[in-house]
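Student: model the structure of this input:
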Amino acid sequence: MQIVEIESRTSALLERLLWVWERSVQATHTFLTPEGMEAVRAYVPQALRTVPCLAAAENEPGIPVGFLGADGRRLEMLFLLPEEMGTGLGKKLLQYGMEHYAICELTVNEQNFSARGFYEHMGFRIEKRTETDEQGGPYPLLYMRR
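Tutor: This next block holds a predicted model:
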C-alpha cells in the first residue's frame with residue numbers, strides 16, 4: 001500500500017475516485033435516500049477537481065482504493081472502498097493528512113456512526129453540531145477538532 005499525492009487530475013482518475021466515493025457512501029451513509037445520494041453525488045466531481053490537496057492510497061500504481069482531500073488544515077473528504085474499511089487504511093490516510101497538511105479539523109455526518117467513532121478514536125472531539133448539512137438537507141453535521 002502506498003499513499004501518493006495526486007498532481008494530475010485526469011478524467012480517468014477522477015472517474016475512479018468518484019467510483020470509490022460512491023461505493024464508500026453506499027456502505028456508510030445508509031441514512032441517505034437514493035435521491036439524497038444523487039443530490040450529493042452531483043457535487044463530488046467538482047469537489048475532486050478543486051480541493052487544494054488530494055492524496056490517494058493505492059494497492060497498485062495508479063489504482064486508488066481510498067483517498068483524502070484537504071483544504072488548509074481541514075479534512076474535506078476521506079473515502080475508502082468498503083473492502084478496505086477496518087484494515088487500517090483510513091488511519092494511514094488520516095495520519096498522512098495530519099503529517100503533510102496539518103489536518104486538525106473536519107466535519108462528519110452525525111448519522112455516519114462508524115466515521116464518527118473512527119475520528120473520535122483518532123483524537124478528534126465535537127465542537128459544534130448543526131441540524132442540517134451545508135446544502136440545507138436533513139442530515140445533522142458534527143464539526144470536530146483535534
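Student: ok, and the helix or strand in this structure with the lowest average confidence?
Tutor: Of all the helices and strands that make up the chain, helix 34-41 has the lowest average by mean pLDDT, DSSP states H and E, namely a mean of 82.
Student: angle of the longest helix along the chain against helix 34-41?
Tutor: Using DSSP state H, we find that the single longest helix of the chain is helix 11-28. Taking axes from the mean of the first three to the mean of the last three CA atoms, to 10 degrees, helix 11-28 and helix 34-41 form an angle of 140 degrees between their directions.
Student: report the buried residues of helix 11-28.
Tutor: 13-14, 16-17, 20-21, 23-25, 28 (16 or more other CB atoms under 10 Å). (Each C-beta comes from the backbone N, C-alpha and C, glycine too.)
Student: what's around the residue nearest to R74 when sequence neighbours are not counted, how many residues?
Tutor: Residue nearest to R74 in three dimensions, not counting chain neighbours: E105, with 5.1 Å by CB to CB, 6 or more residues apart in numbering. Using other CB atoms under 10 Å, E105 has 14 neighbouring residues.
Student: ok, now how distant is E105 from T28?
Tutor: Per CB to CB, to the nearest Å, E105 is found 20 Å from T28.
Student: any idea where the helices of this structure begin and end?
Tutor: 11-28, 34-41, 44-50, 89-101, 113-121.
Student: could I get the ones you listed in TSV, plus columns for distance to G62?
Tutor: Converted to TSV, the helices of the chain look like this (distance: least, CB to CB, whole Å):
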stretch	distance to G62
helix 11-28	8
helix 34-41	23
helix 44-50	16
helix 89-101	17
helix 113-121	27
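Student: which of those helices has the lowest mean pLDDT?
Tutor: Of all these, mean pLDDT reaches its minimum on helix 34-41 (a mean of 82).
Student: from the chain's centre, how far out does that one sit?
Tutor: On the basis of CA atoms, centre = their mean, to the nearest Å, helix 34-41 sits 16 Å off its chain's mean C-alpha point.
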